[in-house]
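> Based on what follows, work out the 3D shape:
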Amino acid sequence: MDAKHHKAKPGPEDSLHEQCSPWRKNACCSVNTSIEAHKDISYLYRFNWDHCGKMEPACKRHFIQDTCLYECSPNLGPWIREVNQKWRKERVLGVPLCKEDCQIWWEDCRTSYTCKSNWHKGWNWSAGYNQCPVKAACHRFDFYFPTPAALCNEIWSHSYKEIGSSGTNMAWKITPLLCLLVCVAAVGAAWPRTQLLNVCMNARYHKEKPGPEDKLHGQCSPWKNNACCFVNTSIEAHKDISSLYRFDWDHCGKMEPACKRHFIQDICLYECSPNLGPWIQEVNQSWRKERILNVPLCKEDCESWWEDCRTSYTCKSNWHRGWDWTSGYNQCPVKVACHRFDFYFPTPAALCNEIWSHSYRASNYSRGSGRCIQMWFDPVLGNPNEEVARFYAESMNGAGLHEAWPLRFGLLLLLLWLLS
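Below is the predicted model of the structure:
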């Protein structure tokens, strides 16, 4: 991938160091990178594993192996995504780590200590390496990561995703045959829906097909000409602790009205819009079969959301999981502190990207560009998101689909040859 320490092309590196050595026959990392991967506060990223006291050696070996996989593997192509970051142009997203790898990582780390559940952002770097933010408390790993899946999925902003049992011991020891199986499955899973335009996702309150709903309530009314939501859903979207998800916006004291209106609009977009097809993904969750992932929200929408919410308070950076639901609605977990939004979300992009597990992605495009989804629009002028969905659908069904088929077919042929 196009990132800080990666080679332009993979190739042999016979002297790769220790835990990185499995990639020596074909690696994206240099020997020096593999050596630095084993050091504390190395020059790679100046990251201090011991930010909450000495990390257990059994735990640290997983983070070294994680670094080796990220820096050295040439097999992460299906999960590489473009990003706009000063230290890399590409990242990995949703790499399916085997269940056993996540479990042993968690088991070996659960008694070590940390102060954050997302290690990609929010650190204090004033000393030249990462330190815990002020007022962020150190707790055992199993406080911030209550399950193996939470660790794998959350620690690096969804770079990894825990999947079911694979029959292998370590993700970094994937055989060529297993790698082919994973790649074929990934290409198949990424295959676009046959219908990307004017569709509703398969989720708890969505209609099967979009259509007119003349009496949509309040902020949901822009979708009244063609909606995936019912009138009653639009009414509930405006209530505190509504019947939809029993979610309490005021979990850290009264949320500012200017902030709350963005969350109401967010619900209306999610429940009502028929223009999210290009970003719908299958999921295996009890309350929905599909979700949205990386919907490009217009730059102005993220900025105004953040500006209007930055002085309200919350206790978490990912609102999809980790709440205490014992009262029948979400409450902050024990010993998790309430801070201003701009503590948990230091930038507009952090808010848009993180709050709903990457359902949204902060776009660099502006409203009216035809390249980003508008959360807010004037229905008198038409729905601008129709054009945006059409653009991305054409990209997927055109270049994306035709490019994916030769790869998929070639991998299947090679797989059959290996099996024979």
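> Distance from stretch 303-318 to the middle of the chain?
18 Å (CA atoms, centre = their mean, to the nearest Å).
> Now do the buried residues in that stretch.
Within stretch 303-318, the residues that qualify as buried are 303-306, 308-310, 312-318, counting by 16 or more other CB atoms under 10 Å. (Glycine included, C-beta is placed from N, CA and C.)
> Tell me how far residue 9 lies from residue 85.
As judged by CB to CB, to the nearest Å, residue 9 and residue 85 stand 22 Å apart.
> Those two: which is more packed in?
Taking other CB atoms under 10 Å, residue 9 and residue 85 do not tie; residue 85 has more neighbours (12 against 7).
> For that one, give me phi and psi.
phi -130, psi 150 (degrees, to the nearest 10).
> who touches stretch 225-236?
Residues from elsewhere that reach stretch 225-236, judged by CB atoms under 8 Å, 6 or more residues apart in numbering: 198, 200-201, 205-207, 210-213, 215-218, 220-221, 223, 237, 242-244, 268, 271-274, 379, 383.
> mind listing what residue 146 touches?
So residue 146 contacts residue 322 (CB under 8 Å, 6+ apart).
> Could I get the phi/psi values of it?
Dihedral angles (degrees, to the nearest 10) for residue 146: phi -70, psi -10.
> Distance of it relative to residue 95?
21 Å.
> Do a quick rundown of the strands in the stretch 1-150 of the chain.
All strands of the stretch 1-150 of the chain, identified by DSSP state E, counting those that start in this stretch, fall at 80-85, 88-92, 95-97, 113-114, 139-140.
> cool, and the stretch 251-400 of the chain?
In the stretch 251-400 of the chain, the strands defined using DSSP E, counting those that start in this stretch lie at 280-285, 288-292, 295-297, 313-314, 339-340, 360-362.
> mind showing which ranges of the stretch 201-350 of the chain have poor pLDDT?
Applying pLDDT under 70 to the stretch 201-350 of the chain flags no residue at all.
> just to revisit the earlier point, quick one, which of the strands of the stretch 251-400 of the chain gets closest to residue 135.
Nearest to residue 135 among these is strand 339-340; the distance by CB to CB comes to 7.0 Å.
> Turn the strands of the stretch 1-150 of the chain into TSV, columns for mean pLDDT.
Formatted as TSV, those follow (pLDDT from 0 to 100):
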stretch	mean pLDDT
strand 80-85	82
strand 88-92	88
strand 95-97	92
strand 113-114	95
strand 139-140	92
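> Any chance of JSON lines for those, columns distance to residue 42?
Output for those, formatted as JSON lines (distance: least, CB to CB, whole Å):
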{"stretch": "strand 80-85", "distance to residue 42": "19"}
{"stretch": "strand 88-92", "distance to residue 42": "17"}
{"stretch": "strand 95-97", "distance to residue 42": "22"}
{"stretch": "strand 113-114", "distance to residue 42": "18"}
{"stretch": "strand 139-140", "distance to residue 42": "25"}
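> Of all those strands, which one is nearest residue 130?
Minimum separation from residue 130 across those (CB to CB) falls at strand 113-114, 10.7 Å.
> Which other helices and strands does that closest one contact?
Judged by 3 or more CB pairs under 8 Å, 6 or more residues apart in numbering; DSSP states H and E, the packing partners of strand 113-114 are strand 139-140, helix 141-144.
> Adjacent strands (with direction) for the shortest one?
Sheet pairing of strand 139-140 (DSSP bridges) gives strand 113-114 (antiparallel).
> ok now the partner strand, how far from the chain's centre?
Distance, centroid of strand 113-114 to centroid of chain: 22 Å (CA atoms, centre = their mean).
> Kindly report the same for stretch 232-244.
26 Å.
> can you tell which of the strands of the stretch 251-400 of the chain is closest to residue 122?
strand 339-340 (10.6 Å).
> how about the strands of the stretch 251-400 of the chain in a markdown table, adding distance to residue 231?
Putting these into a markdown table (distance: least, CB to CB, whole Å) gives the following:
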| stretch | distance to residue 231 |
| --- | --- |
| strand 280-285 | 23 |
| strand 288-292 | 21 |
| strand 295-297 | 24 |
| strand 313-314 | 30 |
| strand 339-340 | 36 |
| strand 360-362 | 25 |
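> now for these, which one comes closest to residue 374?
That would be strand 295-297 among those, by CB to CB, at 8.1 Å.
> list the helices and strands that closest one packs on?
So strand 295-297, by 3+ CB pairs under 8 Å, 6+ apart, packs with strand 360-362.
> and the strand it packs on, what's its mean pLDDT?
For strand 360-362, mean pLDDT rounds to 94.
> same question, stretch 148-163
On average, stretch 148-163 scores 91.
> What lies in contact with it?
By CB under 8 Å, 6+ apart, stretch 148-163 touches 66, 70, 91-99, 101-103, 105-107, 109, 117-121, 141, 144-145, 318, 321-322, 353-354, 357-358.
> how about the helices of the stretch 51-200 of the chain, start to end?
In the stretch 51-200 of the chain, the segments counted as helices under DSSP state H, counting those that start in this stretch are 57-72, 99-109, 141-144, 148-154, 176-189.
> any chance of the ones you listed in CSV, plus distance to residue 370 and mean neighbour count?
Formatted as CSV, the helices of the stretch 51-200 of the chain follow (distance: least, CB to CB, whole Å; neighbours: other CB atoms under 10 Å):
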stretch, distance to residue 370, mean neighbour count
helix 57-72, 35, 20
helix 99-109, 40, 20
helix 141-144, 40, 21
helix 148-154, 33, 23
helix 176-189, 28, 16
